[in-house]
Each structure stands twice: as C-alpha cells, then as structure tokens.
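Undergrad: no sequence on this one, just coordinates:
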C-alpha cells in the first residue's frame, strides 16, 4: 500500500524538520504509535497499536536525510509490518510556513483481506495519515492536540466509547422517560 498526504504548518521548515527528526515526538501526533525510541544516530525501534487490540513492532533506519529538507527511512530485519517512507519539508510560498509532504509504503498483514477488515473497523490508512498530519499542525502551531468536549481523551476514547448497534429502549428506560 502507498499513501501520500500533505499539510501546511505555519512554522519555518527547520523547526518542523527538527520536531519530526526527534523521533520521540512522533507519538504525540500519530494516533497509532505507542512509542518510538532511538537506538542509534540513524536507527530506532517502533511500537504501534493495530486492529483487534494487537500491537506491532519493528526496527527502522534512516536511509537518506538532508537536514531541514528530507528524512527517508525503511524498516529493517523481519518487521511485523514492512514499511518505508519519506517526509519532505518544503518552504511554503508565504515565506513563513512549511509544506509537509509524506509518502508512506507498507505491507498490510493479511493483504487485501487485512485491508478490508481494518477499513471495516474504522482503521482506514489514508484517513489515519490525514488525521496524523492535522494533529502535527495542531501540535506545532498551538503546542497541543486540540480535543473537543465530546472526545477530550483523544485516541484513548476509542476504548472508552465503543460503537454498538442501535437497539430499542428497555422497559425500564421507557418508564424513566415517561416519568421525566
């Protein structure tokens, strides 16, 4: 699977690049990342949540980097989810902002079936990447991911507010409604 997404952040490209390059910052805006830990100058260990309460882990290495402009990486060894990607930090025409361009490729476990199951359970990869970049913009421009009153706990809310099919009110619920 290949994903692309772009956002514009109202910060200089050097600042956006430096924030992304500090890999420990990535879980602050990437909803599925649980932890990214540097294991060397160009190597790291990643863990992420996956559908059905599973976790996946992998090691990665930076394979191309131009300070302030680009970071490219690939997974190494025998990862749960083989992946690679490039992030480019391009000064925007306004002279103040940065365009962040992401290209991500990975193999979804289970192939087409895995992709269909993940989408069914609300794990659509294109939307996830767009949402991650929206949160990156929020973190860099405001210092935090903005939360609505309806979901103040962000990604933790998925566990606290599971979807369930609609069902008729019980007799006791109907009785409470009549008393009100």
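TA: Done, it's in. What you are looking at is a predicted structure, and each value in this text was computed from that prediction instead of being measured.

Undergrad: what segments of the chain are helices?
TA: Ranges of helices within the chain are 13-21, 111-120, 125-142, 157-160, 171-179, based on DSSP state H.

Undergrad: count the residues that sit near the closest residue to residue 5 other than its chain neighbours.
TA: Leaving aside its sequence neighbours, residue 5 sits nearest to residue 129 (Cβ to Cβ, 6 or more residues apart in numbering; 4.5 Å). For the C-beta atoms, the positions are set from N, CA and C on the backbone; glycine is no exception. Using other Cβ atoms under 10 Å, residue 129 is surrounded by 17 other residues.

Undergrad: residue 129 is in contact with residue 6, isn't it?
TA: No. The pair residue 129 / residue 6 is not scored as a contact, 10.1 Å apart, by Cβ atoms under 8 Å.

Undergrad: between the two, what contacts are shared?
TA: Common contacts of residue 129 and residue 6 (Cβ atoms under 8 Å, 6 or more residues apart in numbering): residue 102.

Undergrad: and residue 14, what is it in contact with?
TA: Neighbours of residue 14 in contact, by Cβ under 8 Å, 6+ apart: residue 68.

Undergrad: actually, residue 48.
TA: Residues near residue 48 by Cβ under 8 Å, 6+ apart: 32-34, 55-57, 81.

Undergrad: farthest pair within those residues?
TA: 34 and 81 (13.5 Å; Cβ to Cβ).

Undergrad: pLDDT below threshold where in this structure?
TA: 108-123, 147-169, 173, 177-180 (pLDDT under 70).

Undergrad: which strand runs longest in the chain?
TA: Criterion DSSP state E: the longest strand present in the chain is strand 54-66.

Undergrad: so what touches that strand?
TA: 34, 39, 42-50, 70-77, 79-83, 86, 109.
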